[in-house]
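**Q** Kindly generate the corresponding structure for this input.
(one chain, ligands or ions: 4)
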Amino acid sequence: MTDLYGRNIDYARISVTDRCNYRCVYCMPEEGVNFIPHKEILSFEEIVRIIKILKELGIKKIRLTGGEPLVRKNIVELVGKITKIGLDDVSLTTNGSLLKIYAEDLFKSGLRRLNISLDTLNCERFANITRKGTLIDVLEGIEKAIAVGFNPVKLNVVVMKGINDQDDLIALANLTIDKEIHVRFIEIMPIGDNDQKDKFISCEEIKDNISKFFKLESTKGPFGNGPAEYYKLKNSKGTIGFISPLSKHFCAKCNRIRITSDGMIRLCLFSDVEYNLKERLRSNLTDDEIKKFILETLSFKPKGHPYIQKAREIYHRNMSAIGG
Ligand SMILES: Nc1nc2c(ncn2[C@@H]2O[C@H](COP(=O)(O)OP(=O)(O)OP(=O)(O)O)[C@@H](O)[C@H]2O)c(=O)[nH]1
Ligand SMILES: C[S@@+](CC[C@H](N)C(=O)[O-])C[C@H]1O[C@@H](n2cnc3c(N)ncnc32)[C@H](O)[C@@H]1O
Ligand code: SF4
Ligand code: SF4
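**A** Ligands and ions are numbered 1, 2, ... in the order given. All right, here's what the predicted structure looks like:
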């Protein structure tokens with residue numbers, strides 16, 4: 001599919017749930033989140049049908065996300081159904097807390113790569129950032145993922161000024177030396193109901209902080225479809241990536257659409273305008289009619305966000321409900 005700006009859209013991020021066992025400070029509030037009622041959440045059959053239709057429209061890469069995708073009941077079964085569809089790439093973004101339990105079965109169901117969120121290697125800070133998490137669970141989950149054969153394994157680090165922008169950067173960068181782990185530092189985005197919007201630090205500053213300790217060499221990065229720019233440390237096995245949606249946005253190269261867990265097509269992370277796909281799926285439209293609807297909505301995909309450089313808006317959905 002090509003949009004009005006000539007961008008080839010071949011990647012869909014599908015959120016399989018808005019629920020999560022964590023409450024990360026940059027993603028959703030500690031309490032009072034209104035989760036989507038179960039009957040509004042897309043069923044496995046609906047998700048699989050959407051992916052098959054998207055494939056016919058030229059989508060080749062699918063990322064499953066959430067909320068926390070691994071808290072969705074029978075997620076392994078869903079992954080198995082999706083990997084059988086015959087796409088070029090299926091991947092999943094997770095907080096890693098349940099990987100100890102699911103990594104092996106996910107691998108057996110055909111999934112080959114994982115992106116795991118991990119913002120610090122300090123137990124106390126980890127508990128404060130996730131509000132509900134225990135660091136050791138994620139570290140063991142990462143070990144397990146590597147042991148069963150996932151490759152590449154990428155770690156996503158949302159960097160917050162004054163919280164994890166100093167020693168954490170060095171400790172996380174260090175992980176890339178001996179292991180084939182790819183650590184990506186991400187600029188915090190001002191989306192949803194969170195109180196971290198004054199914690200922004202740009203990738204340039206993050207890079208400067210790392211460069212005080214390590215020399216970064218530009219490099220090609222691991223297999224992926226996302227916007228990260230990659231570097232490596234001398235003789236390291238893994239890489240270090242930077243994702244800068246605000247300071248150096250990548251909208252001109254945007255290749256993706258999103259489907260929320262309640263079946264809305266979201267054309268841009270930074271735009272709250274959504275199109276009701278679920279309503280069409282549940283009203284007996286044919287696959288061809290659904291295709292036509294998706295193509296029609298694509299013409300509304302924005303060029304980028306007009307306020308992207310200094311976005312300080314409150315969006316009606318939290319990041320957990322969009323899928324990142
Ligand atoms: N602004 C913006 N941020 C994005 C977009 N896609 C992903 N991100 C952010 O990038 C970070 C990493 O996303 P992931 O889910 O790991 O996916 P990815 O980096 O696209 O995946 P790879 O295919 O492995 O490169 C998250 O914080 C996302 O919110 C996008 O289209 N726009
Ligand atoms: C919404 S989470 C969903 C998947 C899974 N629960 C996880 O945490 O990896 C997807 C990605 O979005 C990132 N994210 C969440 N809120 C963010 C924010 N305000 N700014 C930048 N990235 C954010 C997370 O760190 C994670 O890497
Ligand atoms: S970033 Fe992921 S793990 Fe953290 S609260 Fe959001 S959905 Fe949950
Ligand atoms: S902000 Fe919107 S247009 Fe820009 S890269 Fe992200 S999804 Fe694409």
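**Q** Residue numbers of the stretch 101-250 of the chain in contact with ligand 3?
**A** Ser117 (C-beta under 6 Å from any ligand atom). C-beta here means a position set from N, CA and C on the backbone, and glycine is covered the same way.
**Q** mind redoing it with 8 Å?
**A** Within reach of ligand 3 by C-beta under 8 Å from any ligand atom, the stretch 101-250 of the chain has these residues: 117, 130, 133, 158.
**Q** Closest one of the residues you listed to Thr65?
**A** The nearest member of these to Thr65, counting by C-beta to C-beta, is Ser117 at 10.4 Å.
**Q** Let me see the contact set for the residue nearest to the closest one when sequence neighbours are not counted.
**A** Counting by C-beta to C-beta, 6 or more residues apart in numbering, Ser117 lies nearest to Asn156, which is 4.6 Å off, once chain neighbours are set aside. Shown in contact with Asn156 (C-beta atoms under 8 Å, 6 or more residues apart in numbering): 93, 115-118, 184, 186.
**Q** I'd guess Asn156 is in a strand, am I close?
**A** Yes. According to DSSP: H, G, I helix; E, B strand; the rest coil, Asn156 belongs to a strand.
**Q** Can you name the residues bridging to it?
**A** Ser117, Arg184 (DSSP bridges).
**Q** okay, now the residue of the stretch 201-324 of the chain found nearest ligand 2: neighbour count?
**A** Residue nearest to ligand 2 within the stretch 201-324 of the chain: Gly324 (2.7 Å; C-beta to the nearest ligand atom). When neighbours are defined as other C-beta atoms under 10 Å, Gly324 has 21 of them.
**Q** what do you get for Gly149?
**A** Gly149 has 10 neighbours, counted by other C-beta under 10 Å.
**Q** from memory it sits against Lys108, does it?
**A** No. Using C-beta atoms under 8 Å as the test, Gly149 is too far from Lys108 to be in contact (10.0 Å).
**Q** hmm, back to that, from the residues of the stretch 101-250 of the chain next to ligand 3, which is closest to ligand 2?
**A** Ser117 (3.5 Å).
**Q** So for stretch 85-94, first residue to last residue, what's the gap.
**A** 22 Å (C-alpha to C-alpha, to the nearest Å).
**Q** Do it and ligand 1 come into contact?
**A** Yes. Judged by C-beta under 8 Å from any ligand atom, stretch 85-94 and ligand 1 are in contact via 89, 91, 93.
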